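# quick one: sequence plus predicted model below, questions after.
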Amino acid sequence: MVWILAKVFRPDLKCLITGLNTLFTIGKGSNFPMNTMGVVILNGPATVDLFQQLLTERVLSIKNSDGELLYVGLKLQCVKFLTVPFWKEDLNFDLKNHVRYYDYTGALELPNAPSEMDLHNVLGKLIKLPWKKNQSPWEMLLIQNYKGENYTGFVVRLNHVLADGLSIFEMFKLLSKSEWSIPVFKRTKIEISKWQRMGRALKTPYDLFSNLLLCYGESKFPTKTMRFDQVVLSNLVTTIVLPKKNHPGGLCIHAHLAPAKWPLQYASTKDLMESVQNSMRGITTSAQATVLGNIFKAAHFIPTWIAAFNVIIDCINPVKVNFANVPVTTGLDYFEGNEILELITANTPIFKNGLLISMGGVNNKQRASFCSNMNMFGSDDIARSLGSLFAEEIQNLVLTIT
């Protein structure tokens, strides 16, 4: 009915937003809109004119096998008609509004020759910045003279409703015309009979509700009176992003979400690795990811003003910690002859949840970023220590294994 009314009263709207994209259109509060961001550091100079030219030639003009523009999403924005989200084309699209030198002021201002700490101090504020109305929600910001050396940084920030991390990764590959090689992960193919397939289908309700119980049973923190700095848990439940096979290219969200339980306390490294392996095996043999994906696909039928209520948000995803991972490249990559030194990925927390951990990197150098709500930890010092504690834990695991 809403679609029919939109055809009559809002002919400027293209189509309904569907699938997992809908997940990023509902909700309210300081985490909305939910944004994703990538920061790339180049070992050499670059200009905005060059980026605008290459983006036009190598990305915006690319077409799929049907002759349609593959990255038309860069010219779209999300609008709501009768509380239902639709795609709308930015008829006044101008690349200069999106690809520009870093120009934010005030609390987001960067000094000349910004240091690594200067950059990190603004990223947490930048990622949550609202978007201008009537404009496609993405930008690419160039930072010259980074660290006082001949480095260039560019920050790609966009509303998560447009794309997932792998879509942005593929866009980087096209823009740089470099390999961006990542490991090919293969799962052992297990032959199962038609009766086993039927058994898995019948087991679907169990998979769904057992994992909902897992989420609610072990994700009751933080609360208004209980923060992470006051609790030591034996396990931590998170959601994990699982990319689907055969990414179609262009801007889209081609992934599953699944809950998983990870040990925080363990007797030995062997126990830890076995527990992690069992958790991963449980994800791959369960129908939970497919079921949750279908629930998310149906989310666009729920008016956003209803979905914005916290009780609905909690039903969709009660987990307080979420995890997203982009595979780390395995070799050197270049942009117009300049080595790509670093890639940092980041995402705002989902809904009212407290923390989203993002992983990514280039040339076998993995970077982890932790984006949390202000009320999740006892102080900024605790939140800022997550990186060093993470590095210390990884180092201890490596030493124990070797």
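Perfect, thanks for sending it.

# show me where the stretch 1-150 of the chain has its strands.
With DSSP state E, counting those that start in this stretch applied, the stretch 1-150 of the chain shows strands at 13-16, 35-42, 76-81, 84-89, 99-101, 138-146, listed in chain order.

# wait, isn't Thr329 in contact with Gly360?
No. Contact between Thr329 and Gly360 fails when scored by CB atoms under 8 Å: they sit 9.2 Å apart. For the C-beta atoms, the positions are set from N, CA and C on the backbone; glycine is no exception.

# quick one: common contacting residues for those two?
Leu343 (CB atoms under 8 Å, 6 or more residues apart in numbering).

# Gly148: how many residues sit nearby?
10 (other CB atoms under 10 Å).

# what ranges does the stretch 201-350 of the chain have for its strands?
Taking DSSP E, counting those that start in this stretch as the criterion, the stretch 201-350 of the chain carries its strands at 235-243, 255-263, 321-325, 334-335, 338-347.

# make CSV out of the ones you listed and add mean neighbour count and distance to Lys80.
Output for the strands of the stretch 201-350 of the chain, formatted as CSV (neighbours: other CB atoms under 10 Å; distance: least, CB to CB, whole Å):
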stretch, mean neighbour count, distance to Lys80
strand 235-243, 19, 25
strand 255-263, 21, 23
strand 321-325, 21, 25
strand 334-335, 18, 37
strand 338-347, 20, 22
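
# distance to Glu392 for the ones you listed - can I get that in TSV?
TSV is the format used below for the strands of the stretch 201-350 of the chain (distance: least, CB to CB, whole Å):
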stretch	distance to Glu392
strand 235-243	17
strand 255-263	17
strand 321-325	19
strand 334-335	33
strand 338-347	20
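
# so which of those strands gets nearest Met34?
Of all the strands of the stretch 201-350 of the chain, strand 338-347 sits nearest to Met34, with 7.3 Å by CB to CB.

# for stretch 263-275, measure first residue to last.
Across stretch 263-275, the terminal residues are separated by 7 Å (CA to CA, to the nearest Å).

# buried stuff in it?
With burial defined by 16 or more other CB atoms under 10 Å, the residues of stretch 263-275 counted as buried are 263, 272.

# model confidence over that stretch, on average?
Per-residue pLDDT over stretch 263-275 has a mean of 82.

# what residues does the residue lying closest to Cys15 once chain neighbours are set aside make contact with?
Using CB to CB, 6 or more residues apart in numbering and skipping residues adjacent in sequence, the residue nearest Cys15 is Trp87, 5.6 Å away. Counting by CB under 8 Å, 6+ apart, Trp87 touches 13-17, 76-78.

# what bits of the stretch 51-200 of the chain have low per-residue confidence?
For the stretch 51-200 of the chain, residues meeting the criterion pLDDT under 70 lie at 185-200.

# at which residues are the helices of the stretch 301-402 of the chain located?
Here the stretch 301-402 of the chain has its helices, by DSSP state H, counting those that start in this stretch, at 304-307, 310-316, 380-384, 386-401.

# closest one to Gln52 among the strands of the stretch 1-150 of the chain?
Short answer: strand 99-101, nearest of the strands of the stretch 1-150 of the chain by CB to CB, at 5.0 Å.

# how about the helices in the stretch 101-250 of the chain?
With DSSP H, counting those that start in this stretch as the criterion, the stretch 101-250 of the chain has helices spanning 116-126, 165-176, 194-202, 204-218.

# before we move on, the earlier item: could you tell me the least trusted of the helices of the stretch 301-402 of the chain?
Lowest mean pLDDT of those: helix 310-316, a mean of 49.

# doesn't Met34 make contact with Lys128?
No. Counting by CB under 8 Å, Lys128 stays clear of Met34, with 9.2 Å between them.

# pLDDT at Gly19, what is it?
Per-residue pLDDT puts Gly19 at 75.

# sorry, that was for Thr285
66.

# please renumber so the chain begins at 50
Shifting the count to begin at 50 puts that one at Thr334.

# the strands of the stretch 50-199 of the chain: which one's closest to Asn445?
Between the strands of the stretch 50-199 of the chain, strand 84-91 lies closest to Asn445; by CB to CB that is 27.6 Å.

# identify the residues contacting that closest one?
Against strand 84-91 from outside (CB under 8 Å, 6+ apart): 168, 172, 175-178, 195, 200-209, 212-214, 217, 221, 384, 387-397, 409.

# quick one: it to strand 187-195, angle?
Computed with axes from the mean of the first three to the mean of the last three CA atoms, to 10 degrees, the direction of strand 84-91 lies at 30 degrees from that of strand 187-195.

# how far away from the center of its chain is strand 84-91?
Centroid separation for strand 84-91 versus its chain: 11 Å, with CA atoms, centre = their mean, to the nearest Å.

# so that strand versus helix 165-175, what angle?
Using the same axes, to 10 degrees: strand 84-91 against helix 165-175 is 160 degrees.

# partners of strand 84-91 in the sheet?
Sheet pairing of strand 84-91 (DSSP bridges) gives strand 200-208 (antiparallel), strand 387-396 (antiparallel).

# relative to Asp320, which of those is closest?
Closest of the strands paired with strand 84-91 to Asp320 is strand 387-396, at 30.1 Å (criterion: CB to CB).

# and the closest one with strand 370-374, angle?
Going by the same axes, to 10 degrees, strand 387-396 makes 160 degrees with strand 370-374.
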